[in-house]
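Trainee: Sharing a sequence plus its predicted fold:
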Amino acid sequence: MFQIIILSCLVAMILAAPQDVTILRYDNDNNGLDSYNFAYETSDGTSRSEQGQLKNPGTENEALSVTGTFQYLGPDGVLYKVDYIADENGFQPTGDHIPKPL
């Protein structure tokens, strides 16, 4: 299931990208049970990597824990980078351009 979601997102991003952007690197490893990881990089400076691990499998506390990072060149010429964690506590992004909670 994770692989389908990841692949769908990647295909959508590729189709939305300008046609002169090429994929420089694409790695994907999904054991189909309790973990996955993927990474890609394109010629326009966009990159993304993500790792997911099933925590507490088979228990009532079972949860997917995901860590990742992505970066892209914004229309203002700035390279934006976001690191994130997504787990039972929600999506938690960090980046220099993201406002910090008070």
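Mentor: Sure thing, it's come through.
Trainee: how many neighbours does P93 have?
Mentor: Residues lying near P93 (other Cβ atoms under 10 Å) number 13. C-beta coordinates here come from the backbone N, C-alpha and C atoms, glycine included.
Trainee: do S47 as well
Mentor: 16.
Trainee: lowest confidence element among the helices and strands of this structure?
Mentor: Ranked by mean pLDDT, DSSP states H and E, the helix or strand of the chain with the weakest confidence is helix 2-16, at a mean of 62.
Trainee: Report the strands that pair with the helix or strand just after that one, each with its relative direction.
Mentor: Note on helix 2-16: by DSSP states H and E, the next helix or strand toward the C-terminus is strand 23-30. Here strand 23-30 is paired, per DSSP bridges, with strand 35-42 (antiparallel).
Trainee: Between strand 23-30 and the helix or strand immediately after the partner strand in the chain, find me the angle.
Mentor: In the C-terminal direction, the helix or strand that comes right after strand 35-42 (DSSP H and E) is strand 47-55. Strand 47-55 runs at 10 degrees relative to strand 23-30, counting by axes from the mean of the first three to the mean of the last three Cα atoms, to 10 degrees.
Trainee: For strand 47-55, list every residue counted as buried.
Mentor: S47, R48, E50, G52 (16 or more other Cβ atoms under 10 Å).
Trainee: helices and strands around that strand, which ones?
Mentor: Counting contacts by 3 or more Cβ pairs under 8 Å, 6 or more residues apart in numbering; DSSP states H and E, strand 47-55 packs against strand 35-42, strand 63-73.
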